[in-house]
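Asks: Here is a sequence together with a model predicted from it:
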Amino acid sequence: MPFCTSCGADISADENFCTSCGAPVDKSDDQKTPQSPLPVQPGPLEKPGVSKKILLVMSIVALLLIVAVAYGVLPLLNGPSPRQPQMTPVPLTTESVVTTSIQPSPVSAVSLPTITSRQVPETRYGESYEPVYTLNRNFAFGQKEVFSHVLTQPPLYIKFNLTPVMSTRQKVINIGLSSEKTINATYPSPNAWFEVKVLDAGNGAVVSKQGFNKEYSVMTKQEFMVRNPGNYNIELSGNDVVAEVQILTGIS
């Protein structure tokens, strides 16, 4: 019995079209046996795993790691690199310390000038002086001392150092408090003063003056100079002070 070459269904010999699929009947193929359609062979299944790109990246990373390990380990195995020589610390010993002793050069003998009894090793403003008058005494009630001097070798250099008479009086502290008490306090005498006047012996004019307290400062140690030659009277006066006075002139 003939069959349809398209779908394989049996058909009668007098039919020109397949009653099953409607395909035209090929009369020459009546005796052919029906052939089942060939099964489609599936393609090769991809094996589960890592893709080629990932494998390539992993291979590169592994190669870099191998190179890095090789460069890191080889210097340790072969010792220090020639580019970076190993520095060996040198211990500091007494032999490595150089001590330089500076020997003073011999000083030749220098002949020093002989100082006579009138000269003193007193220098001021680059000049040398000799004393012409000294005084150390207590002044009270405005007492005076006068010293006359003809100055031919200026300057006339006057120095004085004072010690005021101290007075003791009672003083009340912490007034109005439970710790209020009376103590003995010591003060320089409020009446202490001293004055040095350089007067022209001819007309009595004041050439220069200096002092302590009153119209002067409260410095107890002072000095001053007269630089013009002349005939002078030096007048010293004071109260409640012990005065140490020295008058000097230049050395020719």
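Replies: Nice, thanks for sending it over.
Asks: mind listing what Ala9 touches?
Replies: By C-beta atoms under 8 Å, 6 or more residues apart in numbering, Ala9 lies in contact with Phe3, Cys18, Thr19, Ser20, Cys21. For glycine as for every other residue, the C-beta is placed from the backbone atoms N, C-alpha and C.
Asks: if you skip the residues just before and after it, what's nearest to the fourth one?
Replies: Once its chain neighbours are removed from consideration, Ser20 has its nearest residue in Ala9; the separation is 3.8 Å (C-beta to C-beta, 6 or more residues apart in numbering).
Asks: Domain parsing of this structure, as residue ranges.
Replies: Split into domains by automatic domain parsing, the chain comes to 1-34, 123-250.
Asks: Comparing those domains, which comes out most buried?
Replies: Sort the domains of the chain by mean neighbour count, taking mean count of other C-beta atoms under 10 Å, and domain 123-250 sits at the top with a mean of 15.
Asks: Would you check how far apart Arg169 and Pro188 are?
Replies: 12 Å (C-beta to C-beta, to the nearest Å).
Asks: Just the closest of the contacts of Ala9 to Gly238, please.
Replies: Nearest to Gly238 among the contacts of Ala9 is Cys21, at 157.4 Å by C-beta to C-beta.
Asks: For the closest one, which non-adjacent residue is closest in space?
Replies: Excluding the flanking residues, the one nearest Cys21 by C-beta to C-beta, 6+ apart is Cys7, at 4.3 Å.
Asks: quick one, phi/psi of the one you found?
Replies: The phi/psi pair for Cys7 (degrees, to the nearest 10) reads phi -110, psi -10.
Asks: first to last residue in stretch 211-220, what's the distance?
Replies: Distance across stretch 211-220, first residue to last, is 9 Å (C-alpha to C-alpha, to the nearest Å).
Asks: can you offset everything so residue one is 341?
Replies: All set: I'll call the first residue 341, so the last point we hit is now stretch 551-560.
Asks: who's in contact with it?
Replies: For stretch 551-560, contacts defined as C-beta under 8 Å, 6+ apart pick out 501-504, 532-536, 550, 562, 578, 581.
Asks: can you check stretch 512-531 too?
Replies: With C-beta under 8 Å, 6+ apart as the test, stretch 512-531 has contacts from Pro504, Val505, Met506, Ser507, Thr508, Arg509, Gln510, Lys511, Asn579, Asp580.
Asks: Apply 10 Å and report the result again.
Replies: For stretch 512-531, the external contacting residues (C-beta atoms under 10 Å, 6 or more residues apart in numbering) are 480-481, 502-511, 553, 558, 560, 579-581.
Asks: what about dumping the CA coordinates of it to CSV?
Replies: What follows is stretch 512-531, C-alpha atoms only, in CSV (Å, rounded to 0.1, in the frame of the first residue of the first chain):
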residue,chain,number,x,y,z
VAL,A,512,50.3,97.7,112.3
ILE,A,513,49.6,95.1,109.6
ASN,A,514,46.3,93.2,108.7
ILE,A,515,44.2,96.0,110.2
GLY,A,516,40.7,94.9,111.0
LEU,A,517,41.5,91.1,110.7
SER,A,518,41.9,88.5,113.3
SER,A,519,45.6,88.4,112.4
GLU,A,520,46.1,92.1,113.1
LYS,A,521,49.4,92.7,114.8
THR,A,522,52.1,95.3,115.3
ILE,A,523,55.6,94.7,114.0
ASN,A,524,58.9,96.6,114.0
ALA,A,525,59.8,97.8,110.5
THR,A,526,63.2,99.2,109.5
TYR,A,527,63.4,101.9,106.9
PRO,A,528,66.0,104.3,105.5
SER,A,529,65.7,107.6,107.3
PRO,A,530,63.3,109.8,105.4
ASN,A,531,65.6,112.7,106.3
